[in-house]
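S.K.: Provide a 3D model corresponding to the input given below.
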Amino acid sequence: MDIPGPEAPSNLSATSLTGRRIRLDWTVSPSTNVSHYNIYYDSGTGVIDYAVRLSSVSASSSTFTTDPLVAGVTYKFGVRTVDDNNVEELNTNVVASATALDSVSSAVQAAIKVPQSGRKVTGNRLTVVAEIVQGNLSSVKSVRFQYRNAISTSNPWVDIVAATTQHPNPDLESPYFVHWDVSSFAEGNYELRAVATNTSDGSDPSPPTIFITIDHADPESEEIVSGSGIRKRQRVNGTVPNTVQVGDPQSAVVTNVTVPANALSSSSTTLRLLTAPSSLPQVPGSLTSPDIFTEITLENGQTTLSNSQQATITIDYPDANGDGLVDDSGLKEDRLALYRFNTGTNRWDKLAGSVDTLSKRITAQTPGFSVFGLFAPAAADLSDVLVYPVPWVPNDGKDDNGKPFNPSDSTSGIIFDNLTPNLKIEVFTVTGERVWERSPNGSSGRVQWDVKNSSGREVASGGYFAVITDTSTGNKVTRKIAVIR
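M.R.: Reported below is the predicted structural model:
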């Protein structure tokens, strides 16, 4: 009787280290009876010799570092699982490569992180994501995504044709990703790499590579256009941690979901992510969104994770000019929070999390899946009210001093920020004449003033003061305003 073999590991990566060594990292096999992992390589020939082991490591290991290799040679590695019955699975697609280097310089280097190495993929909007693994992000000019048929290392590298105009190839802005239409590609193994170029136009001469399999009949991961977003379906296994990422085709937003081991009610299922869902639950007026939403579901019907586990969700937000405001919304990044729609209470629940203003992403924990959105909530009180810019000088050509009001520009005019949901704003001259007022009940915490009086005429240059009243509590604050036209 044939003894079924174990499942392969996944997500193998190879990283060049100083001293001509190469480090391998992988995600362990989901099989429960793993004895060890066998590591193989190509001796620099381009063809892995699976008849001769380079090394073996224990079942608890998910990393291996080689002895010094020949400088300047690119090496290809493969990893296989061996179970307690000494049965080795025979995968040929959990493969990665890197170049042996005497010294790892401070130059920029990128590595493909999505799709994961060894994945069987298909779709017309495959998300290909690269991360900067060496050098400073500020030193990166662009990242170019390339592929080649893995039949031979003599095949030329070809630029991926970007399937969306928002994310060209090469990509010039972080997060670096491109969408790839592989729906018409022949099935088989392909090698991917990301070539980083620095601000001095120097390109990485030896980027690491990964290998994937295009499989239209039985993919592990599929990404297709769905309305104005992308629907991604990826198989997940209950015994190991699972990470699924998808890039939004319309914005610089990548959603990352990590499901911990033993959090599923079944041994395996499919995790589904939908960016820009067409139908959204009603949003209360006390919340303002930069229009970043993702629907996350498990196809086994599970909505709450098992064993009191929590998934980690990371979502990027766009801030191309680094001014601390989310692009096209004017929302301050430090007010952002991730919310989950609770179908039991029909409410949006704020999740515990944090905002990384350097990486421009928010991370939060969730006990289950539903629709998720980024919001800036209204303030609890008026203690931190801001009115800016002061003075407002709209015509000096300096945006930091203010811009003429434009209804399509959320950063124009004079901004009242950190407001409570229910309030009244009154603007007076220094002699006490009221020139403008507004009572935006259900405020999202932010109001723009077009700097016109109640009759619609532009207010004159001079000093003013604003009285802001929380109509729920009666509390008031006063702020000074100066207009220089």
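S.K.: how deep is Leu358 tucked in, by neighbour count?
M.R.: Summarising burial for Leu358: neighbours were counted as other Cβ atoms under 10 Å, giving 8. For glycine as for every other residue, the C-beta is placed from the backbone atoms N, C-alpha and C.
S.K.: Which pLDDT value goes with it?
M.R.: pLDDT recorded at Leu358 is 89.
S.K.: tell me the contacts of it?
M.R.: Not one residue lies near Leu358 by Cβ atoms under 8 Å, 6 or more residues apart in numbering.
S.K.: thinking Tyr190 is in contact with Asn155, fair?
M.R.: No: using Cβ atoms under 8 Å, Tyr190 makes no contact with Asn155, being 9.8 Å away.
S.K.: Name the residues contacting each of these two.
M.R.: Joint contacts of Tyr190 and Asn155 (Cβ under 8 Å, 6+ apart) are 148-149.
S.K.: out of those two, which sits in the more crowded spot?
M.R.: Tyr190 (22 against 13).
S.K.: need the contact list for that one.
M.R.: When contacts are counted by Cβ under 8 Å, 6+ apart, Tyr190 touches 147-150, 211-214.
S.K.: bridging residues for it?
M.R.: Beta bridges link Tyr190 to Asn149, Ile212 when assigned by DSSP bridges.
S.K.: So it versus Arg148, what's the distance?
M.R.: Distance, Tyr190 to Arg148, using Cβ to Cβ, to the nearest Å: 7 Å.
S.K.: try Val73
M.R.: 18 Å.
S.K.: Spatially nearest residue to Leu69 (excluding sequence neighbours)?
M.R.: Ala100 (3.9 Å; Cβ to Cβ, 6 or more residues apart in numbering).
S.K.: State the next helix or strand along the chain beyond the least confident helix or strand in the chain by mean pLDDT.
M.R.: One helix or strand of the chain scores below all others by mean pLDDT, DSSP states H and E: strand 287-288, with a mean of 84. Downstream of strand 287-288, the first helix or strand assigned by DSSP states H and E is strand 293-298.
S.K.: Report all helices and strands that that following strand contacts.
M.R.: strand 268-275, strand 371-377 (3 or more Cβ pairs under 8 Å, 6 or more residues apart in numbering; DSSP states H and E).
S.K.: Out of the ones you listed, which one sits most buried?
M.R.: strand 371-377 (a mean of 23; mean count of other Cβ atoms under 10 Å).
S.K.: got a list of contacts for it?
M.R.: With Cβ under 8 Å, 6+ apart as the criterion, strand 371-377 contacts 277, 280-281, 283, 286-290, 292-296, 313, 315, 317, 326, 331-332, 335-341, 348, 350, 362, 366, 444-446.
S.K.: Pull out the CA atoms of it and give them to me as PDB.
M.R.: Coordinates of each C-alpha in strand 371-377 appear next as PDB, following Å, rounded to 0.1, in the frame of the first residue of the first chain:
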ATOM      1  CA  VAL A 371     -16.500  44.400   5.700                       C
ATOM      2  CA  PHE A 372     -13.600  46.600   6.900                       C
ATOM      3  CA  GLY A 373     -13.000  50.300   6.400                       C
ATOM      4  CA  LEU A 374     -10.600  53.100   7.300                       C
ATOM      5  CA  PHE A 375     -12.300  56.000   9.100                       C
ATOM      6  CA  ALA A 376     -11.400  59.100  11.000                       C
ATOM      7  CA  PRO A 377     -13.900  59.400  13.800                       C
END
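S.K.: quick check: angle from that strand to strand 268-275?
M.R.: 40 degrees (axes from the mean of the first three to the mean of the last three Cα atoms, to 10 degrees).
S.K.: nearest spatial neighbour of Asp327, skipping sequence neighbours?
M.R.: Closest to Asp327 by Cβ to Cβ, 6+ apart is Pro318, at 4.2 Å.
S.K.: meant to ask about Gly229, not that
M.R.: Ala276 is the one closest to Gly229 (Cβ to Cβ, 6+ apart), at 3.3 Å.
S.K.: That neighbour is in contact with Thr255, isn't it?
M.R.: No: the pair Ala276 / Thr255 is not scored as a contact, 10.7 Å apart, by Cβ under 8 Å.
S.K.: what sits in contact with each of these two?
M.R.: Asp248.
S.K.: Between these two, which is the more surrounded one?
M.R.: Counted by other Cβ under 10 Å, Ala276 and Thr255 do not tie: Thr255 has more neighbours, with 25 against 20.
S.K.: And the pLDDT for the residue lying farthest from the centre of the chain?
M.R.: Most distant from the centre of the chain: Thr431, at 51.8 Å, with distances by Cα atoms, centre = their mean. We have a pLDDT of 94 for Thr431.
S.K.: Over to Ala380?
M.R.: Reported pLDDT for Ala380: 83.
S.K.: picking that back up, the residue nearest to Gly229: what's it in contact with?
M.R.: By Cβ under 8 Å, 6+ apart, the neighbours of Ala276 are 227-229, 248, 250, 293.
S.K.: just checking, Val355 is part of a strand?
M.R.: Yes: counting by DSSP: H, G, I helix; E, B strand; the rest coil, Val355 is part of a strand.
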